[in-house]
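Participant: Please find the sequence and the predicted model below.
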Amino acid sequence: MIKAAIMHEATREYCYCVAPDTFKIRIVTAKDDVKGILLHGRDKYLSLDISDTRFSIPMVKIASDDIRDYFEVEVKMNMLCLRYYFEITDNHGHKVFFGDDQLLDYEPTDIEEMFDCPQSIREEGIALFPKWAEGKVVYQIFPSRFATSKYVSEEQWYKAPIEWNDKLCGDLWGIINKLDYLKELGVDIVYLTPIFKANTEHKYDTVDYYQVDPDFGGNEALKELVEQIHKRGMYIMLDGVFNHTSDKFFAFEDVLKNGEESQYKDWYFIDSFPLDRGSKERKPNYKTFGYYGGMPKLNLTNKDALEYVKGVICHYLADYGIDGWRLDVADEIGHKFWKEMRIAAKAIKPDALIVGEDWHICADFLEGDEWDSCMNYAWFKALGRLYGGNGPIHEFVSKLGQVRGRYHSDVFPLLWNLMDSHDTKRFLSYACEEGGKGKMLSAAALTMLFPGCPFIYYGDEVGMAGDYDPDNRRGMLWDTEKYADPDMLDAYKRLAAFRHEHEELWKEIPEVVFIDEVERVMAFKQDKLVMIFNLKENQVDLKALNGHLNAGINMCDSEGGDGPELIFKLSAEKEKCILGAYDVAVFSLA
């Protein structure tokens, strides 16, 4: 047994409340090192001669990655304080006990050798995540490039490659005119990149948070957009850029004007005066986003700056009725701010969805008192490696297991699983040089059929290509005769419709029932569904899988009959037992 790999702390990451009298307790061990774990517990304050409150529950391995196994158990209890410890048995039958941050070679009876969980304190911090957002299909729109209510020439709109400030005149009125398109596509949540007044096309340098950019139609356009989205049963998220402002923002302009005498100088991180915007060879003498002098970083530990930003957040929740915020560069803003922001936002709208941007595992932000979810770049990286680099299938499965094992169980169905975004190359361009459209649709199917929230970057559903920004922000492909791919659009619609019909896809990691690294075939089981993916250009005869799948599942033409019912196939091919290049099939075992 690799004892050094055993990890549990009596903190909210490993022991947390999910409902009154209901807790989840988690422990981590080395991969494939442990045969079984028992959780033992008892009431701290009741002696055994008065009431024998002892219990033992087998723990379940919920996930694995390349080096760890994650075990979890749900505990029902009603007591002042739980004392608990673990009984860990390795593959050779050897046992150790783990309690109060120490490994023991004997079973503890002294409660001071056990971990401690005061129930009422943990229940005070119960994580209330917005259930309405679980498993929803998210669609990201870059407003200046998605749709316009104005006349724009075809040459201007479909320019490729595109530059930073090419003006395509996209606006919110144009988005309103395309809402039926989004509804038919199967979109649940519309997420807009920044819409507030700024001096760029991307709008990530906010000049005025209380004014929707006039180029986008102003505040009235936002009110109408929110109303029309809600009328169609969809939700809307705005992009909150609170890490930094424009250098034209009123507070920073005052600092530029008045220097050390400015009442706003502590709204920013300023090293010295006068201010120096920096150059390619020299950093600014104040903190910024990415050392760019035009985006000075806000000091949200300053009370006045904090209250200002909280006011902005609450204003659009209360006065416009938006459904939540996506938070830009959220991992570079402190925990104290996010805790206060969440309290303020949830006081206005208890089920508001708060999604942070972080390109790494960020469990410390997702314990229920800051964000509800994050942009799951772990999925993006794993998917790109699987399709773009022909990476091993087990690496993809491992990364998914790491995410499930690290995050709060109620966060997992809320994660935004993206294939690409406005900050990356288009998936069709970085992962599909070989395989093209087939790879793209296979990856889209994997995203649509797995837990979390499938995330569509505008235009992916019609085959939009693009290099790193700004080229990944081209004009939306609306012309289906010249530019857009109607077959790909149809496949996306079918995938979204299938997902909406099968809620069992939303929450837990599916069981791996078959992986063939050489033949590039993988199969997963989720409840009564079996999903099979062919990750190569050659076709696969599913009869060859018979006898290899777990639980003795025979897919086709078995001696006992025709096998399970085929309920979804990505390709148009009718042959049940054949998967073409990059094809996907879903069978029902019911």
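Facilitator: Alright, I've got the coordinates.

Participant: Mind jotting down where the helices sit in the stretch 101-250 of the chain?
Facilitator: 119-124, 143-146, 154-157, 172-177, 179-185, 218-231, 250-258 (DSSP state H, counting those that start in this stretch).

Participant: Buried residues in the third one, which are they?
Facilitator: Pointing back at helix 154-157 there. Trp157 (16 or more other C-beta atoms under 10 Å). Heads up, the C-betas are built off the backbone N, CA and C, glycines and all.

Participant: for the record, mean pLDDT for it?
Facilitator: Taken as a whole, helix 154-157 has a mean pLDDT of 96.

Participant: The fifth one too?
Facilitator: The predicted model assigns helix 179-185 a mean pLDDT of 98.

Participant: Equivalent analysis for the first one, please.
Facilitator: Here the mean pLDDT over helix 119-124 is 90, rounded to a whole number.

Participant: Could you list the low-confidence segments of the protein?
Facilitator: 435, 550-552, 557-562 (pLDDT under 70).

Participant: still on that earlier bit, out of the helices of the stretch 101-250 of the chain, which one sits most buried?
Facilitator: helix 143-146 (a mean of 26; mean count of other C-beta atoms under 10 Å).

Participant: Just put the helices of the stretch 101-250 of the chain in JSON lines and tack on distance to Trp359.
Facilitator: Below are the helices of the stretch 101-250 of the chain laid out as JSON lines (distance: least, C-beta to C-beta, whole Å):
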{"stretch": "helix 119-124", "distance to Trp359": "30"}
{"stretch": "helix 143-146", "distance to Trp359": "23"}
{"stretch": "helix 154-157", "distance to Trp359": "31"}
{"stretch": "helix 172-177", "distance to Trp359": "27"}
{"stretch": "helix 179-185", "distance to Trp359": "27"}
{"stretch": "helix 218-231", "distance to Trp359": "28"}
{"stretch": "helix 250-258", "distance to Trp359": "27"}
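
Participant: Go through these and name the closest to Pro350.
Facilitator: Of all these, it is helix 119-124 that lies closest to Pro350, at 16.2 Å by C-beta to C-beta.

Participant: Touching that closest one from outside, list them.
Facilitator: Helix 119-124 has contacts (C-beta atoms under 8 Å, 6 or more residues apart in numbering) with 12, 15-17, 20-21, 23, 77-82.

Participant: where's stretch 60-78 relative to the chain centroid, distance-wise?
Facilitator: For stretch 60-78, the distance between its averaged C-alpha position and the chain's averaged C-alpha position is 21 Å (C-alpha atoms, centre = their mean, to the nearest Å).

Participant: now the end-to-end length of it.
Facilitator: Using C-alpha to C-alpha, to the nearest Å, one end of stretch 60-78 lies 22 Å from the other.

Participant: Flag every buried residue along it.
Facilitator: For stretch 60-78, by 16+ other C-beta under 10 Å, it's 62-65, 68-73, 75, 77.

Participant: which one of these sits closest to Asp33?
Facilitator: Of those, the one sitting nearest to Asp33 (C-beta to C-beta) turns out to be Asp69, at 7.2 Å.

Participant: List the beta-bridge partners for that closest one.
Facilitator: Applying DSSP bridges to Asp69 gives these bridge partners: Thr29, Ser64.

Participant: who's in contact with it?
Facilitator: With C-beta under 8 Å, 6+ apart, Asp69 has these contacts: 28-34, 61, 63.

Participant: For those residues, please prepare a markdown table with the additional fields distance to Ala496.
Facilitator: Shown next, in a markdown table, are the contacts of Asp69 (distance: C-beta to C-beta, whole Å):
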| residue | distance to Ala496 |
| --- | --- |
| Val28 | 35 |
| Thr29 | 38 |
| Ala30 | 40 |
| Lys31 | 35 |
| Asp32 | 37 |
| Asp33 | 41 |
| Val34 | 40 |
| Lys61 | 32 |
| Ala63 | 26 |
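
Participant: Quick check: the farthest pair among those residues?
Facilitator: Asp33 and Ala63 (14.9 Å).

Participant: Surely Val34 and His94 touch.
Facilitator: No. Assessed by C-beta atoms under 8 Å, Val34 is found out of contact with His94, at 10.2 Å.
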